Structure formats: structure tokens, C-alpha cells
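Enquirer: Fold the stuff below for me.
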Amino acid sequence: MEPDVVNSETVLPAVLPFKRVQMSDKYPKGQARGRHWKHLKQILQAENYPPDQPNYLNIESPPSMYPSKKYCDITGFEAPYVDPRTNLRYANPDVFKRIRMLPDEYVQRYLALRNAAVVLR
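Expert: I've put the predicted structure just below:
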């Protein structure tokens, strides 16, 4: 007697999900190979926003009521202090020591970066 064959409805898929898919299968020849990103202007044009409704391109806001932040001219951190001799902003005592050692031409360059150049005495 022959053993009975067990009938099973389980069929393996052609591509197992944990296997790596070949690039040629994923992107047939002639198709784009990647994701194309849209710029904000393209997205807004595609959405057809009415021109009188506020969006990212036409938003208008009043000036801030808060004072502008002051940043250290040397390090870029918030600067609560200003050197009275050079008018450079600094964040801590170590930077202050560096500022005092700078030649006048370097001080002028730092001041020119933030449009505050003045002639030092």
C-alpha cells in the first residue's frame, strides 16, 4: 500500500518577504529609480490654494513684541555681556579674555560681521 499524500493548502509565495528583492524586479528598465521630492512652491500650486487665504508663501505677521536675542560674536552662544571697550558681545569670562587679546583689526572685522563697525579710539 502506498502512503496517503497529505493535501495541504499552504503554498509558498514566489518571493519571500524577508528575502532581498532584486533591483531589476523592483524597478524595470525605463522607470524612475527613486523618489522625486517636490518643493514647497510645487506643493502649494498642486493644492490650488486661493490667493487671499494665508499659506506659507504669503503669510504676514506683525513684528515680535519680544526683544531680539543677542549672541556672542566669538562663540555664537547667547551673550548677556558687552565689552565696553570693543563693543563685542561675549558669553563667558574666557571669551572676554580672548576679546581683550584681539588686535583692533580683528575686532573691526567681528563688528563688521554684524553691521556694527565703528572706529575704535
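Enquirer: Could you pull out the strands in the protein for me?
Expert: Using DSSP state E, the strands of the chain run over residues 81-82, 89-90.
Enquirer: most packed of the ones you listed?
Expert: Among the strands of the chain, strand 89-90 has the highest mean neighbour count (mean count of other CB atoms under 10 Å), at a mean of 23. The C-beta positions use only the backbone N, C-alpha and C, and glycine is treated the same way.
Enquirer: strand partners of that one, parallel vs antiparallel please.
Expert: Counting by DSSP bridges, the strands paired with strand 89-90 are strand 81-82 (antiparallel).
Enquirer: which residues touch the partner strand?
Expert: With contact meaning CB atoms under 8 Å, 6 or more residues apart in numbering, strand 81-82 is reached by 70, 88, 89, 90, 91, 96.
Enquirer: Looking at those, which is nearest residue 43?
Expert: residue 70 (36.2 Å; CB to CB).
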